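Novice: Got a predicted structure plus its sequence, pasted below:
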Amino acid sequence: MDQESDEVSGVQPPIQEDKSWTEVDTYTANCMEDVLDSDSPVNREETQPPADDCHESGPDFSQLPEVVWVEIMSYLPLHQQYLVSQTCQVLYEIFNHPSLWHTMKIHLFGCTDNFSRAFRSKICIPNKYIKLINKFGKFFKQLTLSVTEYLNKFPEEWISIMQELSRQCRLESLTLEIGRLTSYYHIDGYQPSENDIGTLVSFIQNAVRLKYFHIKSWPMYPSSLSNPDLNIFEVILKNPKLKDLETLSLFWCKATEWSERMPILPSPEATLPIIHNFQHLKKLSLRSPMLDKDIILELSKPGRCKLKLLQVFVHFHPENGNFKIPEIESSVWKQFVLANPGVEMECTVLVRTPHLELASMLKTDCPLTAITFMKFSRCDSQIVASLSEMYCRSLKKFACYCDPSCKENEVVSLAMRSPNLNQFVYYGPLSCESVEKLAQLHGTGWKEFVIPASCITVQDVPSYDDDDDRVIAPGEDGEYYLVGIARFHQSVHPDSQRKQEMQDKVSAALGYSWKPV
């Protein structure tokens, strides 16, 4: 339920540090252009100390085995890799090692809207991208293509470079984040050209060993969807070399991101042939308007690879029939679980969704293991009680980024009843006592324990009303006490002191130094 995790162990490929050129400072970037144009490092003889001084200062780490330096540099961002490569010829050759260029993110800035004439202008392509692709493009295996805002127009030179890149690289993972999610509002504006869409689609047409395919956003305009050569969902069906695809993510986004509330999405009828085509899927991510019981039944058919993870991004709009929560019977979920033993389901809720609407999809036999409520959704007492009753055995993650309407004791009760819960994110009010209790429930078993400092309150010490004129009153243990004496001896801690106490107790319970975010 949840990678921006977004991710199940053993399903996602290893992702290295993002090599986006946007993070490179101007001076370093200019020097890197010189390196990309040459086959030797920049001449730094004037700044190099004499050889004798080098030996006196310490060991020569450049003599470490190549595999060691490749591993070290894989943890560095691109501009730091470049600086290391300029120390000597050996490290420059390591900088050119193919394995350091397996992961690449190409990030471009599109037009801010698709109604102004600026949309007809061409996207500015940094010259550094062109040189980088020409030199290292053949090594790319995990590629992310990202265009912010709206895709307007690629320069002709860039189109030819991208088409050549799609032919020469052997991608194993491809992520497309092309502009914003398209809604019916955007259809009235300017639309991307066929050449630009065709350039991006060529990566699918030429793919031969793709295992992981993610579409975060895509221009969903009728003109391109009606063309079989530009409709990306039809193109992936035409490439027989994609049959072994293991991960398919369609319009999934992280819980900390925002999404168009009513985007144009493929219907369940259009999604079903895609699911049927990929018999080796181990992970599937999609949005609730694309899901129905026929897709769950397709995933339950014999002969398919066993699914490990199903992620559902829940949209709901009471006045739009396209965004109703799909009705999936408990018997369908039971068949799905029997066909895919050990399968897990993650559910992320975008906006306020009534409990009864969620209940139409989340039945008792649904293998729910994680649920996330985004900032503008709602988590009320009914939902928490339902989770506690139906999924206490399977629930592993509970994340609430919204301002919940449930009581904190209900959240604590959910954690107490869920022995497998190991990820907890809560942006609602919690007292110091409740935070301590939650931390101690699973102790070092917590993999994620996130609570904002602004949500933690100091209200867990007994409070005695000054206007209470009773002489004696019953305590929590049932015994009576003198109200005046108790009020006199009440220990009042400053907020900061109490919160520090709480932080120390939570750190001791978790086994590491913990701080609220």
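Specialist: Structure's in. What do you need? Numbers count the residues shown, from 1 in each chain.

Novice: the longest helix in the protein is where?
Specialist: In the chain, with assignment by DSSP state H, the single longest helix is helix 495-510.

Novice: Which neighbouring elements make contact with it?
Specialist: Packing contacts for helix 495-510, counted by 3 or more Cβ pairs under 8 Å, 6 or more residues apart in numbering; DSSP states H and E, involve helix 432-442. Backbone N, C-alpha and C define where each C-beta goes, glycine included.

Novice: buried ones in the helix it packs on?
Specialist: For helix 432-442, a neighbour-count test (16 or more other Cβ atoms under 10 Å) marks 432-439, 441-442 as buried.

Novice: Could you do stretch 509-517 as well?
Specialist: Result for stretch 509-517 [16+ other Cβ under 10 Å]: buried residues 509-510, 514, 516.

Novice: Just the closest of those residues to I125, please.
Specialist: Closest approach to I125 among the buried residues of stretch 509-517 (Cβ to Cβ): P516, at 43.2 Å.

Novice: that older thread, tabulate the buried residues of stretch 509-517 (a markdown table), appending distance to E329 and pLDDT.
Specialist: As requested, those are exported to a markdown table (distance: Cβ to Cβ, whole Å; pLDDT from 0 to 100):
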| residue | distance to E329 | pLDDT |
| --- | --- | --- |
| A509 | 42 | 94 |
| L510 | 41 | 94 |
| W514 | 43 | 94 |
| P516 | 42 | 92 |
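
Novice: Tabulate those in CSV, adding columns for distance to F316.
Specialist: As requested, these are exported to CSV (distance: Cβ to Cβ, whole Å):
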residue, distance to F316
A509, 37
L510, 35
W514, 35
P516, 31
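
Novice: Nearest to P302 among those residues?
Specialist: Among the buried residues of stretch 509-517, and counting by Cβ to Cβ, the member closest to P302 is L510, at 44.0 Å.

Novice: contacting residues for that closest one?
Specialist: 439, 443-444, 446, 449 (Cβ atoms under 8 Å, 6 or more residues apart in numbering).

Novice: One more: K363?
Specialist: 328-330, 333.

Novice: Now the buried members of these.
Specialist: Among the contacts of K363, those classed as buried by neighbour count (16+ other Cβ under 10 Å) are 328, 333.

Novice: The residue nearest to N277 when sequence neighbours are not counted and S223, how far apart?
Specialist: Nearest residue to N277, sequence neighbours excluded (Cβ to Cβ, 6 or more residues apart in numbering): L237, at 5.3 Å. To S223, L237 is 20 Å away according to Cβ to Cβ, to the nearest Å.

Novice: Same question for V312.
Specialist: V312 is 30 Å from S223, by Cβ to Cβ.

Novice: In terms of packing, which of those two has more residues around it?
Specialist: Between V312 and S223, counted using other Cβ atoms under 10 Å, V312 has the larger neighbour count: 25 against 14.

Novice: Which elements pack onto the host helix or strand of that one?
Specialist: In this assignment (DSSP states H and E), V312 forms part of strand 309-314. Judged by 3+ Cβ pairs under 8 Å, 6+ apart, strand 309-314 is in contact with strand 283-287, strand 344-349.

Novice: same for the first one, what does it pack against?
Specialist: Going back to what we said before, that points to strand 283-287. Looks like strand 283-287 contacts strand 247-250, strand 309-314 (3+ Cβ pairs under 8 Å, 6+ apart).

Novice: taking the ones you listed together, which one is wrapped up most tightly?
Specialist: By mean neighbour count, with neighbours taken as mean count of other Cβ atoms under 10 Å, strand 309-314 ranks first of the helices and strands packed on strand 283-287 at a mean of 26.

Novice: before we move on, the earlier item: am I right that the residue nearest to N277 falls within a helix?
Specialist: Yes: assessed with DSSP: H, G, I helix; E, B strand; the rest coil, L237 lies in a helix.

Novice: From what I see, it and P273 are in contact.
Specialist: Yes: look at L237 against P273 with Cβ atoms under 8 Å: they come within range, at 6.5 Å.

Novice: Of the helices and strands packed on strand 309-314, which is nearest T112?
Specialist: With Cβ to Cβ as the criterion, T112 lies closest to strand 283-287 of those, at 25.5 Å.

Novice: Could I get the contacts of K363 in CSV, plus columns for secondary structure?
Specialist: Listed next are those as CSV, based on three-state DSSP:
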residue, secondary structure
I328, coil
E329, coil
S330, helix
W333, helix
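
Novice: returning to what we had before: got the helices and strands packed on strand 283-287 as TSV, with distance to C111 columns?
Specialist: Listed next are those as TSV, based on distance: least, Cβ to Cβ, whole Å:
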stretch	distance to C111
strand 247-250	25
strand 309-314	26
